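Q: Attaching a predicted model along with its sequence, questions to come.
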Amino acid sequence: MKNKLSVCVFCGSSSGLNSDYAQAAKELGSRLAREQINVIYGGGSTGLMGQLADATLDAGGTVIGIIPEFLQVAEVGHSRLTELIVTKDMHERKRLMYDKADLFISLPGGTGTFDETIETMTWSQLSVFKKQIILVNIADYWRPFLTLISHGVREGFIHKKNEGLLTIVETPAQVLDLIKQH
């Protein structure tokens, strides 16, 4: 698996209220599988996470889930993954996700998705790694987040150049176009 590109996808453990979110997760999973790109994600079976994993697997792709033990015990872990890594806690989970991925993709999600996206931005800003971070702005979901980042720049808390750590696209097809340039 190491010679293939691996992307880490952050997304919600629920599906959200807009059906476009689930459709995007499924489309992204199918497209990644067709391009033989490994998917790394949080290991869940519910919401956008489960839909992404199912679509990737159904299209013949490789999916590596990384889930903390307490969530696996709560039976939210996906049962059909190519590989499921159970960690002791959230910190170990994120570290493994970040280490194994060549780039990051954020679909819509909640506080966990925000946390992971912001942490990858921080690590890139601090040169812990230099990996692309792609936000898939389905139905303009990420607009308030981007407004907050711009506000941080205007107020002098975020350097202007760090806005460039995020690449914004509107569709899963655009994600694949970017990955092919990677």
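A: Thanks, I have it.
Q: Break down the chain into its helices, ranges please.
A: 19-34, 47-58, 69-73, 90-100, 111-125, 143-154, 172-181 (DSSP state H).
Q: which secondary structure elements does the first one contact?
A: Read that as helix 19-34. strand 38-41, helix 47-58, helix 172-181 (3 or more C-beta pairs under 8 Å, 6 or more residues apart in numbering; DSSP states H and E). Any C-beta I mention is one placed from the backbone N, CA and C, and that applies to glycine too.
Q: For that helix, the averaged confidence score.
A: The average pLDDT within helix 19-34 is 98.
Q: Could you tell me how far it lies from the centre of the chain?
A: Distance of helix 19-34 from its chain centroid, counting by C-alpha atoms, centre = their mean, to the nearest Å, is 12 Å.
Q: Can you check the distance spanned by stretch 78-85, start to finish?
A: In stretch 78-85, first residue to last residue: 11 Å (C-alpha to C-alpha, to the nearest Å).
Q: Show me what it is in contact with.
A: Outside stretch 78-85, the residues that touch it by C-beta atoms under 8 Å, 6 or more residues apart in numbering are 43-45, 49-50, 53, 57, 62-67, 72, 77, 96.
Q: would you turn the helices and strands packed on helix 19-34 into JSON lines with mean neighbour count and distance to residue 120?
A: Below are the helices and strands packed on helix 19-34 laid out as JSON lines (neighbours: other C-beta atoms under 10 Å; distance: least, C-beta to C-beta, whole Å):
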{"stretch": "strand 38-41", "mean neighbour count": "25", "distance to residue 120": "12"}
{"stretch": "helix 47-58", "mean neighbour count": "23", "distance to residue 120": "17"}
{"stretch": "helix 172-181", "mean neighbour count": "15", "distance to residue 120": "15"}
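Q: Just put those in TSV and tack on distance to residue 92.
A: Formatted as TSV, these follow (distance: least, C-beta to C-beta, whole Å):
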stretch	distance to residue 92
strand 38-41	14
helix 47-58	18
helix 172-181	27
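Q: out of those, which comes closest to residue 104?
A: Nearest to residue 104 among the helices and strands packed on helix 19-34 is strand 38-41 (9.3 Å), distances taken as C-beta to C-beta.
Q: What's the mean pLDDT across the closest one?
A: On average, the pLDDT along strand 38-41 is 98.
Q: Within the sheet, what are the partner strands of it, with directions?
A: strand 6-10 (parallel), strand 63-68 (parallel) (DSSP bridges).
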